[in-house]
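3D model of this:
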Amino acid sequence: MRVKLLRSRGLRWMLLGVAALGMVLSGAGSLLSNAARAGGAMEERKLPMRFSWVACEPNCSWVSAVGIVTSDSPKDFEDFARDRDLSGATLVLDSSGGSVNDAITLGRRFRALKMRTTVGTTQRPSRANERPRIVPEAYCESMCVFLLLAGTNRYVPDTAHVRVHQIWMGDRADDAKAASYSAQDLMIVERDIGRLAKYTFDMGGAGDLLLLALNVPPWEDLHELSRAELRSTNVMTTELLADVMPPRGTTPVAEVVSKRAEPGQAKQQDRFSVSYEKPLSRTAEALPPATVAATPPPQ
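Sure, this is the predicted structure:
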């Protein structure tokens with residue numbers, strides 16, 4: 001039995017920042033195109049994590065990791081990495097978090113490969129003469145923050161959103177105050193907090209990161225790490241994009257204009273899917289009130 005992480009308005013554990021990167025697309029047509037791409041990216045974040053290799057000539061490439069960490073994610077990554085040399089590669093994250101223990105497994109694998117990490121979404125070319133771009137306005141939330149920690153160098157763009165929350169029993173996070181908890185449940189949560197603490201220190205993170213996350217229960221909004229907190233917790237190790245991406249000029253980047261929230265829209269977007277097929281382990285994202293929690297399969 002394992003643990004699930006908290007979530008969206010209440011998305012659970014840790015968030016990570018995205019890279020704020022360069023070229024502004026102009027004109028009304030471009031804005032509509034960007035909005036469509038942003039909507040598509042949000043849908044991807046609701047699905048189980050997917051890994052893809054992004055290459056653009058002559059000398060730029062990265063690994064895109066989008067979605068929620070499930071019990072299948074470590075194997076999915078091994079399948080993805082089998083025929084590729086990912087040593088020292090850059091990992092670009094856009095994730096709402098997910099399974100605690102499976103994220104730890106993934107993070108240790110990333111560190112073993114000496115991967116570098118940042119936050120962003122990949123914008124695929126729409127024309128034959130265009131190259132892929134990294135859009136920096138992305139989200140790294142809950143256990144994604146621990147995946148970010150796995151990088152040997154870690155960069156968070158100014159427009160990225162890195163958010164943290166408590167660890168919780170995912171099948172009771174929809175109404176955490178009213179739910180009942182057994183001694184076994186408490187044992188699972190405390191065990192996984194211990195695993196996270198060891199992992200955090202092994203990756204070079206600071207205890208302040210755990211302190212910030214563990215102070216935010218599932219019935220409160222996620223805490224977004226400030227630039228000062230990103231540095232003090234060691235989530236971000238460099239202010240230079242070049243430290244985690246290929247040399248200057250080889251990696252196209254796109255700046256996305258922030259969209260205004262629609263009337264009545266929550267200030268934090270809901271990125272957690274309850275309809276995915278791949279199971280989360282017991283401790284993972286907890287869902288906000290009025291959201292149906294994903295029930296883990298029998299252990």
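
Measure how buried residue 179 is and give me the count.
Residues lying near residue 179 (other CB atoms under 10 Å) number 15. C-betas here are computed from N, CA, C, even on glycine.

Is it in a helix, a strand, or coil?
Following DSSP: H, G, I helix; E, B strand; the rest coil, the label given to residue 179 is coil.

Please apply the same query to the one 5 residues further on.
Reducing the assignment to helix, strand or coil with three-state DSSP, the entry for residue 184 is helix.

Check the gap between it and residue 68 for me.
Residue 184 sits 25 Å away from residue 68, going by CB to CB, to the nearest Å.

What segments of the stretch 1-150 of the chain are helices?
For the stretch 1-150 of the chain, the helices defined by DSSP state H, counting those that start in this stretch cover 28-45, 73-81, 100-112, 143-149.

Please read the previous query as pertaining to the stretch 151-299 of the chain.
Assigned by DSSP H, counting those that start in this stretch, the helices in the stretch 151-299 of the chain fall at 183-202, 207-214, 227-232.

how much does the longest one deviate in direction from helix 207-214?
Just to be clear, that refers to helix 183-202. Relative orientation of helix 183-202 and helix 207-214, computed by axes from the mean of the first three to the mean of the last three CA atoms, to 10 degrees: 150 degrees.

Surely residue 234 is in contact with residue 201?
No. Using CB atoms under 8 Å, residue 234 is not in contact with residue 201; the gap is 10.0 Å.

where does the stretch 151-299 of the chain have low pLDDT?
Low-confidence segments of the stretch 151-299 of the chain, defined by pLDDT under 70: 246-299.

ditto for the stretch 1-150 of the chain
Looking along the stretch 1-150 of the chain with the criterion set at pLDDT under 70, you get 1-43, 57-59.

Against residue 170, how distant is residue 218?
For residue 218 relative to residue 170 (CB to CB), the value is 10 Å.

Likewise for residue 243?
Applying CB to CB to residue 243 and residue 170 gives a distance of 35 Å.
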